[in-house]
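Peer 1: Sequence first, then the predicted structure, then my questions.
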Amino acid sequence: MKVWLLLLLLGAAGTAAAQVLPYGDGHNAWNPDSLGDIRAVVSCAGGGDAVLAHIPWRRRDERPEMKRVIVQEAETGRKVQEVYVGNITREAGDIYFKGHSGKYYVYYMPYRNEGRSNYPKGVYLKPDSSAWRPGANPVTATADSIEYINAFNSFYPMEVIATRAETEAVVKGHTDFIVFPEDRSYPIRMERDLPYRWVARGLADTVSLSDAEKGENYAFQLGIYALKELKHVRVGFADWQGDSGQVIPGGRFFCVNTQGMTYDAKPFEPVVDVPAGNVQPLWCSVSIPGDAKPGIYKGVVTVQAEGAAPKMIHLAVTVSDKIAVNGGVNEPAKMTRLSWLNSTMAQENTVIAPYTPLEVVGDSLVRLLGRDISIGKDGLPAQIRTFFTPEMTSIGTTPHPLLTEPIHFHLNPAAQGELKMIPGGARFIETEPGTVTWVATSTSAAMQMDVHGSLEFDGFLAYTVRLIALEDIDLKETRWHMPLEPDAAKYLIGLNRKGGYRPDSIAWKWDVAHKNQDGAWVGGVNEGVQFSLRDQHYMRPLNTNFYLQKPLVLPESWGNGGKGGIDIWQKGKAILVNAYTGPRTMHKGDTLYYDFNLLITPFHPLNTDFQWANRFYHKYNELDSIHSTGATVVNIHHATPINPWINYPFIEWRRMKGYIDTAHSMGIKVKIYNTIRELSDHAYELPVLRSLGHEVYSPGKGGGFAWLQEHVGDDYIAAWFVPEIKDAAIINSGMNRWHNYYVEGMNWLVQHVGIDGIYLDDVAFDRVTMKRIKRVLTQDGRPGIIDLHSANQYDAADGWNNSANLYMEHFPYLNRLWFGEYFDYEHNSPDFFLTEVSGIPFGLMGEMLQGGGNPWRGMVYGMTNRLGWTSVNDPRPLWGIWDAFGMKGSEMIGYWSGHCPVSTGREDVLATVFKKPGKTLVALASWATADTAVMLNIDWRALGINVKKARLLAPAITGFQVGREFKPGRAIPVAKDKGLLLIIDESKDD
């Protein structure tokens, strides 16, 4: 349709409906928390008892008649009390008020924020029930313009709706769908309305897009308006011809909505269906050749849907002689990063330090750092061994077997004894340094078991187990047994239990609606295994306050409609993990997946020197101030000047780079807050991600901060909000292509901004993404420091999962833990500290947060509070003692080791030793119910100190202890809930 014809049709529909007011920036001139984010400016030439303002506001919000209208004198700011709301539609509104000549502001979407400050609920004010009514013949006011509070809150032009008449005019003569090409500069945001921009522009033969640069990742949109329900929308690209004769091949184009690469590098084709009456953006990108000749390039894009005639869209773009820097990705506002969504960067399973390549020995043994696993003929683990020393500071030569017998299944038919499965032998099908994979099949007359196992270099063992019925069979029970050595089952985390000593028995049932639980960690300090039971339908649930909105999917096999469960008890010499399913019937050909994952712990020895040398400062501050504290690593949180927008550190990156460059010149490393769980509404790609349906953003009830309600609309979960800068986040759906963008973004931040690592505030991605980001963070010898903070997940909103159990798959790649908010350091036992907080059984060390932690108990595990976040329990005095004693290079021998040369003889007062030649630092901590005194049992020979010359000095430490000296063999007082640091050395006196 020609433009002139469209305008003629619009004119026939009425000039009032075709009017569009100018839009302008209000430059934050009013308080949006009481008046809203948008207003109309009206002028009245004369006054009277009644003034009528007809405002063609063209609103995208539904039910505008349910929102209050506030009229205010522009000059005085006085609120007009006499207001009557006449006919209100989304297209226009008639507002009557008592006024005089002059300018007035009409606020038509006022709201107030209710709820928590960080999880607000923008509640729109309901209409007033004023008794005032306008008289006859009101004075007519002129609607001059629409103003939004600031540019970020603008609705113009893509959220200014076309009227019904305009829409009907433009679709007349079309039956299936219309395609509106759109420039990248105007992201399509509305799902159920056409923007006025489209009907005003019309349907031209060829649409010219904004200019491109040579070598640029150039983006554009195709807006599909469905006149009937569309199924399987697809896009095809032909070569684009330049006026110089040069061609941009069609193979350089892609559509992110119809072509994809999963976060774990599997190609897929997203299905795009469009309901009748809806707008579907298709975001497309072309890689302009770096040697493209400047000029105009024209081409055709074809859009198809099932049962509809294809549409041929003619587009033109002018390529300038300017060369894009880095493909243009330094300017994400131009949508130059769409290819990142399909990236496979860092997917190769190369070995990451400190891990070593896998080694296959013979036909069944696989060795890895500090551990090995023997594969049985049925493909299941026959034995798992660890070689870490009890102190967890090195790898020894003494094996610690985890299993008393191989892991196995029991299949018990109802009418006979157990099925005897004949194993066919395991066969390795992949033996790479990073991954070893094998298969095995076991059979009986009634059942076949296919096993596919893989072991990765960090100790992650993944099993896909298919049970296939070869005939109809009633099963009384299917059981999976993991018989553990008692020493390898001393502690437990999970299955509705806080971390600590394993109870004598556990009886647990599946309850995915309320509990994010599908397994547990069972182990000792230097030997253990985490198991997780899943099937082919597993999807990672939401976490951190949102579990109940997207819980686990009950595995059909293990859960069996709620009949399944897990028992743990002692059976003979073994601690038996018994996963059972209850009775079921399988018909011939039925297949059930009894998948499970194992993580063999520990992952690596403790890096105690890293703990002593790297002092974290957790706050944005002037670098001179940070340097003066002795901190060596600064974490830059979000909502700070150089990293304002949560999980989107790409807007103020130049300021961030300047800060990091200065920090590096002072010997300080800089890590930034950046994760995936939620994403700021300031992300440039928000409209792109919304166009992907529920792939990236979780479905939800909407709501939250007003900006989200006004510009995102509905069907999302509102997340963290920062009131000071009005940063509103949306929950990420889980495992999706935003993880590919995240990895590319990390790589870009390393290469172009110079970050030294990341601070993770809980984690919403899996180990695939964690390995990828560790690779890009540590490339070219960079430090790549990752520390993880978690608020305690053991509560109803989080599905009663333990943080350590929930995030254990990430532990192999972390440098430090910070567990965290809502962790109780005062009323929990040492076994809780050891398993859930310290990280020691996994090869990690940590720090404390809640209430500043308990510094005496923390020191038993080598932990302090973190500087900057709180003023309670300042760690600097302890850092001073570390330096004075010389902690770097010391040997940490914890109370958990049978080799600790200092003990108290009590279970409620514990001692950890930090040993150096000629001197030792001893950390004492009390869990006793009252003040007490302890006699130290000291192995002087192990310390290398002459008892006759020995002295025990408690150095003065501000906020921790007063200075004093004790004589060997004398009782040492220890205050309730506190402790001491003692230096044991030889007196220098002759």
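Peer 2: Thanks, I have the structure now.

Peer 1: CA only for contacts and neighbour counts going forward, please
Peer 2: OK.

Peer 1: contacting residues for Met312?
Peer 2: 300-303 (Cα atoms under 8 Å, 6 or more residues apart in numbering).

Peer 1: among the residues you listed, who's most crowded?
Peer 2: Val303 (22 neighbours; other Cα atoms under 10 Å).

Peer 1: phi, psi of the spatially closest residue to Met190 that is not a sequence neighbour?
Peer 2: Spatially, and ignoring its direct neighbours in sequence, Met190 is nearest to Glu159 (6.4 Å; Cα to Cα, 6 or more residues apart in numbering). Main-chain torsions, Glu159, degrees, to the nearest 10: phi -120, psi 20.

Peer 1: So which of the contacts of Met312 are in strands?
Peer 2: Applying DSSP state E to the contacts of Met312, the entries found in strands are 300-303.

Peer 1: a markdown table please, covering those residues and showing distance to Tyr742 and pLDDT.
Peer 2: Converted to a markdown table, the ones in strands among the contacts of Met312 look like this (distance: Cα to Cα, whole Å; pLDDT from 0 to 100):
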| residue | distance to Tyr742 | pLDDT |
| --- | --- | --- |
| Val300 | 32 | 97 |
| Val301 | 29 | 98 |
| Thr302 | 31 | 98 |
| Val303 | 30 | 98 |
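
Peer 1: can the residues you listed go into a markdown table with extra columns for distance to Pro310?
Peer 2: Putting the ones in strands among the contacts of Met312 into a markdown table (distance: Cα to Cα, whole Å) gives the following:
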| residue | distance to Pro310 |
| --- | --- |
| Val300 | 12 |
| Val301 | 10 |
| Thr302 | 7 |
| Val303 | 6 |
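
Peer 1: Go through these and say which is closest to Val776.
Peer 2: Minimum distance to Val776 across these is 35.9 Å, recorded for Val301 (Cα to Cα).

Peer 1: so that closest one bridges to which residues?
Peer 2: Beta-bridge pairing for Val301 (DSSP bridges): Phe237, Ile313.

Peer 1: And the helices in the stretch 201-350 of the chain?
Peer 2: Taking DSSP state H, counting those that start in this stretch as the test, none of the stretch 201-350 of the chain falls into helices.

Peer 1: With the stretch 1-150 of the chain instead?
Peer 2: 3-12, 15-18, 32-35.

Peer 1: So for the second one, mean pLDDT?
Peer 2: What it means is helix 15-18. Averaged over helix 15-18, pLDDT sits at 43.

Peer 1: The first one too?
Peer 2: Confidence for helix 3-12, expressed as mean pLDDT, is 30.

Peer 1: Same question for stretch 624-640.
Peer 2: Stretch 624-640 comes out at a mean pLDDT of 98.

Peer 1: Check which residues of it are buried.
Peer 2: 626-627, 630-639 (16 or more other Cα atoms under 10 Å).

Peer 1: As TSV, those residues with secondary structure and distance to Asp824 would be great.
Peer 2: Listed next are these as TSV, based on DSSP: H, G, I helix; E, B strand; the rest coil; distance: Cα to Cα, whole Å:
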residue	secondary structure	distance to Asp824
Ile626	helix	29
His627	helix	31
Gly630	coil	28
Ala631	coil	26
Thr632	coil	28
Val633	strand	26
Val634	strand	25
Asn635	strand	24
Ile636	strand	26
His637	coil	24
His638	coil	26
Ala639	coil	27
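
Peer 1: could those residues go into CSV alongside distance to Asp264?
Peer 2: Output for the buried residues of stretch 624-640, formatted as CSV (distance: Cα to Cα, whole Å):
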residue, distance to Asp264
Ile626, 39
His627, 41
Gly630, 41
Ala631, 37
Thr632, 35
Val633, 32
Val634, 32
Asn635, 29
Ile636, 29
His637, 28
His638, 28
Ala639, 31
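
Peer 1: nearest to Ser154, of the residues you listed?
Peer 2: Nearest member of the buried residues of stretch 624-640 to Ser154, counting by Cα to Cα, is Ala639, at 22.2 Å.

Peer 1: I figured that closest one hits Pro723, correct?
Peer 2: No: applying Cα atoms under 8 Å as the test, Ala639 and Pro723 come out as separate, 9.7 Å apart.

Peer 1: Who are the contact partners of the nearest residue to Tyr225 once chain neighbours are set aside?
Peer 2: Nearest non-adjacent residue to Tyr225, counting by Cα to Cα, 6+ apart: Val279, 4.6 Å away. Val279 sits next to 190-194, 223-226 when contact means Cα under 8 Å, 6+ apart.

Peer 1: What of Lys67?
Peer 2: 108-110, 124-127.

Peer 1: Burial check on the closest residue to it other than its chain neighbours, number of neighbours?
Peer 2: Nearest in space to Lys67, with sequence neighbours left out and distances taken as Cα to Cα, 6+ apart, is Lys126 at 4.9 Å. When neighbours are defined as other Cα under 10 Å, Lys126 has 14 of them.

Peer 1: Distance check, Lys126 against Lys98.
Peer 2: 21 Å (Cα to Cα, to the nearest Å).

Peer 1: got it, and Val465?
Peer 2: 77 Å.

Peer 1: With Gly754 instead?
Peer 2: 61 Å.

Peer 1: repeat for Pro641
Peer 2: From Pro641 to Lys98 the distance is 46 Å (Cα to Cα).

Peer 1: How about Asp363?
Peer 2: From Asp363 to Lys98 the distance is 92 Å (Cα to Cα).

Peer 1: What of Leu844?
Peer 2: With distances taken as Cα to Cα, Leu844 is found 71 Å from Lys98.

Peer 1: and Thr398, how many neighbours?
Peer 2: 11.

Peer 1: Correction: the previous question concerned Arg164.
Peer 2: 14.

Peer 1: tell me the contacts of the closest residue to Ile38 other than its chain neighbours?
Peer 2: Using Cα to Cα, 6+ apart and skipping residues adjacent in sequence, the residue nearest Ile38 is Tyr148, 4.4 Å away. Shown in contact with Tyr148 (Cα under 8 Å, 6+ apart): 23-26, 37-39, 154-155.

Peer 1: Tell me where the stretch 851-990 of the chain has helices.
Peer 2: Using DSSP H, counting those that start in this stretch, helices in the stretch 851-990 of the chain cover 855-860, 876-885, 940-943.

Peer 1: Using the neighbour-count criterion, name the buried positions in the shortest one.
Peer 2: In other words, helix 940-943. Neighbour count says helix 940-943 has Leu943 buried, by 16+ other Cα under 10 Å.

Peer 1: Fine by me, we can end here.
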